[in-house]
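In: I would like the atomic coordinates for the input below:
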Amino acid sequence: MRLFLAIFLPWLQFFTIGRPFAGIACLLLQITIIGWLPAAIWSVYALSQYKTDKKIEKALRQAGTSNGN
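Out: Purely as a prediction, here's the structure:
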């Protein structure tokens with residue numbers, strides 16, 4: 001679902017991952033037809049970084065619990 005947002009409504013996807021200022025900047029970029037493609041690419045990239053960060057957090061939490069902490 002977030003990937004769909006990242007492609008068709010890039011600015012809205014930033015709000016779903018907790019980056020409202022980037023969402024506003026993306027909206028300003030997306031207002032122009034030429035800026036739509038860079039906005040979509042930026043949004044997909046940000047989404048992939050968000051997913052990677054969540055996986056790292058999960059792995060660190062699991063590693064912390066397996067060490068007896």
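In: low pLDDT regions in this structure?
Out: For the chain, the stretches flagged by pLDDT under 70 are 67-69.
In: quick check: closest non-adjacent residue to the residue most central in space within it.
Out: Centroid-nearest residue in the chain: residue 47, 2.9 Å away (criterion: CA atoms, centre = their mean). In space, and not counting its chain neighbours, residue 47 is closest to residue 6: 4.9 Å by CB to CB, 6 or more residues apart in numbering. The C-beta positions use only the backbone N, C-alpha and C, and glycine is treated the same way.
In: could you measure from the one you found over to residue 66?
Out: Using CB to CB, to the nearest Å, residue 6 is found at 34 Å from residue 66.
In: same deal with residue 45?
Out: Note on residue 45: its distance to residue 66, by CB to CB, is 32 Å.
In: now swap in residue 58 and tell me
Out: In terms of CB to CB, residue 58 sits 13 Å off from residue 66.
In: show me the contacts for the residue nearest to the centre of the chain.
Out: When contacts are counted by CB atoms under 8 Å, 6 or more residues apart in numbering, residue 47 touches 2, 3, 6, 13, 17.
In: you'd agree the third one is up against residue 41?
Out: No. With the criterion set as CB atoms under 8 Å, residue 6 and residue 41 do not qualify as a contacting pair; they are 9.2 Å apart.
In: between the two, which has more neighbouring residues?
Out: residue 6 (26 against 13; other CB atoms under 10 Å).
In: tell me what the helix or strand harbouring residue 21 is packed against?
Out: Following DSSP states H and E, the helix or strand that holds residue 21 is helix 20-30. Applying 3 or more CB pairs under 8 Å, 6 or more residues apart in numbering; DSSP states H and E, one finds that helix 20-30 contacts helix 10-16, helix 33-66.
In: alpha carbons only: can I get it in CSV?
Out: Output of helix 20-30 as CSV, limited to C-alpha atoms (Å, rounded to 0.1, in the frame of the first residue of the first chain):
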residue,chain,number,x,y,z
PRO,A,20,6.0,15.6,7.5
PHE,A,21,8.5,18.3,6.5
ALA,A,22,9.8,16.0,3.6
GLY,A,23,6.1,15.5,2.7
ILE,A,24,5.6,19.2,2.3
ALA,A,25,8.8,19.6,0.3
CYS,A,26,7.7,16.7,-1.9
LEU,A,27,4.3,18.2,-2.4
LEU,A,28,5.9,21.5,-3.6
LEU,A,29,8.0,19.4,-6.0
GLN,A,30,5.1,17.3,-7.2
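In: thanks again, I'm all set now.
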